[in-house]
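Asker: build the 3D model from these lines:
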Amino acid sequence: MGLIDNRAWVYDIETIRSVFTLSAINISTNEVVKFVLHKDRWDLTSLIQWLYSCKYMIGFNNINFDYPVIHRLLLVWANKEIKQEEYSSVILDLYDEAQRIIEEQSKDFFHKIVAIKTKEIIIPQLDLFKIWHYNNKARRTSLKALEISMNYPNVMEMPILHDRDNITVDEIEGILEYNLNDVLATFEFFKKTMAKISLRKSIKKQFDIPCYNFSDTKIGEELILKLYSTKTNQNPWDVKKMRSERSKITLKDIILPYINFQSKEFKELLDYFQNKVITGTKGSIEKSVIYQGFKYDYGTGGIHGCVKPGIYKADDEYVIMDADVGSLYPNLAITNNFYPEHLGPVFNEVYKSIIDMRMEAKRNGNSVLSDGFKLAANSVYG
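Answerer: Alright, predicted model coming up:
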């Protein structure tokens, strides 16, 4: 999949009960195309020809919405001779398919699935919605919300109700204007996604992981899975099934022996953790310590602290410093030889090799691969 190609298009569809439209812009030439299926304007032949000429199509939530509708159009209607009196049936069929998908999308599990299996997709798809992990329930974002956050100059609402039966040719122009506006907004977002796409292209080329529509987290998971499976000569699917089941975690068994404190406050904190048994992760740890006027909050996600709100300035007596530990959690695991029990010590060898490759890529100025290895390193813990 090339990044810039004159057969690559950003697109969007509108499915209304009595009209179907598709608008697109070429990412290389900026050429715009508009297709309409309506009883008084029937662009099906030219639409099908254009679809088969596409090298790949770019959209926002297109894998689980726009493309399944296109897929049905190609499989069911592309090779049929359709008479004028059948036009409404074709449009209604596409509308019904869109409504079915919308209903499915309201279900919690939908974000985990792909509407059309990858091997069955006729025209390769690039989905910005998935790349940015907006299919995650906590991050779910609509194109309209995205347009507002990008300060896009023209945020439009659909001028026609989707269940209208009697749309006229004149009203179609308003639909096309709305359709194209969403395409142009998606195109702008595509430009902001180029660094992420470059990363995915690099990972695909070097490791043969089909990751163009993976989120950053999934790229990290799949990269470390690939490296571990290769190192151990195991099938990745078998590795995925492996587990170390834990009904409880006794914290004193995992607190490192060299952990020690001098102050009363932190000695009491250590004693608290050494007597803690966790049977469920959500909300299992809620503990705070105030030491020398600063409050440290401990939770399931780690330790947090914040100074009082205000304006802080450096002067002759005080310096404001911002310190960061490079690859803190990965290096803690490697130094202390932590690894998932079911994966064995060889996991740490793979983990260390990822850190080493990241440092080498960073030294060589290869920020794309450096970012990829960082994702893999960070995906191990959560």
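Asker: low pLDDT regions in the chain?
Answerer: Judged against pLDDT under 70, the low-scoring parts of the chain cover residues 1-4, 108-114, 382.
Asker: buried sites along the longest helix along it?
Answerer: The helix that spans the most residues within the chain, counting by DSSP state H, is helix 169-192. Neighbour-count burial for helix 169-192, counted by 16 or more other CB atoms under 10 Å, picks out 171-172, 175-176, 178-187, 189-190. From N, CA and C alone the C-beta is placed, and that goes for glycine too.
Asker: what packs against it?
Answerer: Judged by 3 or more CB pairs under 8 Å, 6 or more residues apart in numbering; DSSP states H and E, helix 169-192 is in contact with strand 8-16, strand 19-26, strand 32-38, strand 56-59, helix 128-131, helix 143-149.
Asker: hey, what's the closest residue to Phe187 other than its chain neighbours bridged with?
Answerer: In space, and not counting its chain neighbours, Phe187 is closest to Val10: 4.5 Å by CB to CB, 6 or more residues apart in numbering. Val10 has these beta-bridge partners by DSSP bridges: Ile25, Ile58.
Asker: for stretch 320-335, which positions count as buried?
Answerer: Those would be 327, 330, 333-334, for stretch 320-335 by 16+ other CB under 10 Å.
Asker: thinking again about what came up before, pull the longest helix of the chain out as CSV, backbone CA atoms only.
Answerer: Extracted as CSV, the C-alpha positions of helix 169-192 are listed here (Å, rounded to 0.1, in the frame of the first residue of the first chain):
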residue,chain,number,x,y,z
VAL,A,169,-33.0,15.9,-8.0
ASP,A,170,-32.7,19.4,-6.7
GLU,A,171,-32.4,18.1,-3.1
ILE,A,172,-29.6,15.8,-4.1
GLU,A,173,-27.2,18.8,-4.6
GLY,A,174,-27.5,19.6,-0.9
ILE,A,175,-26.8,15.9,0.0
LEU,A,176,-23.7,16.0,-2.3
GLU,A,177,-22.5,19.2,-0.7
TYR,A,178,-22.7,17.6,2.8
ASN,A,179,-21.2,14.4,1.5
LEU,A,180,-18.2,16.2,0.0
ASN,A,181,-17.7,18.3,3.1
ASP,A,182,-17.2,15.2,5.1
VAL,A,183,-14.8,13.8,2.5
LEU,A,184,-12.7,17.0,2.6
ALA,A,185,-12.6,16.9,6.4
THR,A,186,-11.5,13.3,6.4
PHE,A,187,-8.8,14.3,3.8
GLU,A,188,-7.5,16.9,6.3
PHE,A,189,-7.5,14.3,9.0
PHE,A,190,-5.7,11.9,6.7
LYS,A,191,-2.9,14.5,6.3
LYS,A,192,-2.5,14.6,10.1
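Asker: contact partners of it?
Answerer: 10-14, 16, 19, 21-25, 27, 32, 34, 36, 38, 40-41, 58-60, 128, 143, 146-147, 150, 152, 154, 156-160, 167 (CB atoms under 8 Å, 6 or more residues apart in numbering).
Asker: could you flag which of those residues are buried?
Answerer: Buried members of these, scored by 16+ other CB under 10 Å, are 10-14, 16, 19, 21-25, 27, 34, 36, 38, 58-60, 128, 143, 146-147, 152, 156, 160, 167.
Asker: helix/strand/coil for Leu375?
Answerer: Assigned state for Leu375: helix (three-state reduction, DSSP: H, G, I helix; E, B strand; the rest coil).
Asker: I'd say it and Ser215 touch.
Answerer: No - Leu375 is beyond contact range of Ser215, at 9.5 Å (criterion: CB atoms under 8 Å).
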